[in-house]
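# No sequence on hand, only this structure:
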């Protein structure tokens with residue numbers, strides 16, 4: 001494991017590389033169960049923006065430091081202090097306008113994970129509440145350990161989840177009834193249920209084995225053509241949000257450009273020669 005150049009200035013995240021072309025982003029506030037306050041969600045947006053264009057990165061693994069939690073979600077104490085210390089409202093419209101801008105900024109920072117050009121893998125373990133669902137829903141792949149405790153927790157703090165869970169989760173799993181049950185009750189659910197409903201694709205014995213599986217998967221993805229991998233992510237996400245007809249047209253336009261890459265020739269020749277291809281950085 002070695003540090004990636006250009007990421008050491010981030011205060012609340014460790015960014016390293018376990019293998020060639022793989023980035024590991026670790027939420028690093030274990031003493032607070034990796035709970036988020038404003039400076040952290042600003043940082044994670046900046047990190048994924050940077051990783052998206054980093055030619056030395058082709059796949060990303062997102063984890064939480066420590067054994068107890070991926071993240072407990074929003075740091076409620078910090079948020080409460082910020083709320084209490086706000087100046088008295090002038091009127092409802094101005095309060096609402098300020099809140100709207102704040103929510104949109106928060107949403108945009110977390111959405112940077114989804115918008116990142118590189119495939120992302122979330123490793124969920126231990127306490128994984130609220131914002132954990134928002135962030136992992138932005139990731140392309142989610143895997144977890146058997147001890148995971150997941151919840152859409154926002155109704156328990158008096159609000160509707162507003163950072164992405166209610167928009168993304170219904171498109172990830174096959175049951176709107178299950179999504180509503182989770183969101184309305186804020187109940188805890190575990191690895192077996194998450195796997196059964198398709199929220200995660202793998203379950204492992206503990207955090208260490210889950211992280212190892214994520215690194216292995218990211219390493220495998222990183223050996224593929226970055227043109228093909230980034231194109232696949234883009235086209236799958238487009239298909240999720242558009243009609244089949246529109247998606248087919250978009251795919252045709254996309255590949256009319258991307259099939260010109262040398263990667264296609266290199267991949268085909270490696271198959272014929274039974275050699276391992278090496279692809280140029282993108």
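Right, received. Where do you want to start? The structure displayed is predicted, hence computed values, not measured ones. Numbers count the residues shown, from 1 in each chain.

# tell me the mean pLDDT over stretch 193-213?
Averaged over stretch 193-213, pLDDT sits at 98.

# Would you mind pulling the contact partners of that stretch?
If you take C-beta atoms under 8 Å, 6 or more residues apart in numbering as the criterion, stretch 193-213 is touched by 61, 63, 67, 123-126, 141-148, 150, 169, 172-175, 178, 191-192. All C-beta atoms are positioned from the backbone trio N, CA, C, and that covers glycine.

# Now do the strands in the stretch 1-150 of the chain.
Secondary structure of the stretch 1-150 of the chain by DSSP state E, counting those that start in this stretch: the strands cover 2-3, 13-19, 22-27, 59-64, 69-71, 120-124, 127-129, 141-145, 149-151.

# Need these in a markdown table (columns: distance to residue 223, mean pLDDT and mean neighbour count).
Shown next, in a markdown table, are the strands of the stretch 1-150 of the chain (distance: least, C-beta to C-beta, whole Å; pLDDT from 0 to 100; neighbours: other C-beta atoms under 10 Å):
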| stretch | distance to residue 223 | mean pLDDT | mean neighbour count |
| --- | --- | --- | --- |
| strand 2-3 | 19 | 82 | 10 |
| strand 13-19 | 10 | 97 | 18 |
| strand 22-27 | 10 | 98 | 24 |
| strand 59-64 | 10 | 98 | 26 |
| strand 69-71 | 27 | 98 | 28 |
| strand 120-124 | 15 | 98 | 27 |
| strand 127-129 | 29 | 98 | 26 |
| strand 141-145 | 16 | 98 | 25 |
| strand 149-151 | 31 | 98 | 22 |
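
# Columns distance to residue 249 on top of these, output as CSV?
Shown next, in CSV, are those (distance: least, C-beta to C-beta, whole Å):
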stretch, distance to residue 249
strand 2-3, 43
strand 13-19, 37
strand 22-27, 33
strand 59-64, 28
strand 69-71, 38
strand 120-124, 27
strand 127-129, 38
strand 141-145, 27
strand 149-151, 37
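
# Out of those, flag the one nearest residue 230.
Among those, the nearest to residue 230 by C-beta to C-beta is strand 59-64 (10.4 Å).

# how far is that closest one from where the chain is centred?
Computed by C-alpha atoms, centre = their mean, to the nearest Å, the separation of strand 59-64 from the middle of its chain amounts to 8 Å.

# ditto for stretch 192-207
So, by C-alpha atoms, centre = their mean, the centroid of stretch 192-207 is 16 Å from its chain's centroid.

# can you tell me which helix in the protein is longest?
Identified as the longest helix of the chain according to DSSP state H is helix 92-115.

# which residues are in contact with it?
Outside helix 92-115, the residues that touch it by C-beta under 8 Å, 6+ apart are 41-42, 44-46, 48-49, 52, 62, 89, 120, 131, 134-135, 138-139, 162-164, 168, 237.

# Could you rerun that using 7 Å?
Residues outside helix 92-115 that contact it (C-beta atoms under 7 Å, 6 or more residues apart in numbering): 41-42, 44-45, 48-49, 89, 120, 134-135, 138-139, 162-164.

# Next: stretch 120-129.
Taking C-beta under 7 Å, 6+ apart as the rule, stretch 120-129 contacts 33, 60-63, 67-73, 113, 132, 135-136, 139-145, 147-151, 153, 200, 207, 210-211, 214, 217-218.

# change it to 6 Å
Contacts to stretch 120-129, defined as C-beta atoms under 6 Å, 6 or more residues apart in numbering, come from residues 33, 60-63, 68-70, 72-73, 136, 139-142, 144-145, 147-151, 153, 207, 210-211, 214, 218.

# No further questions, thank you.
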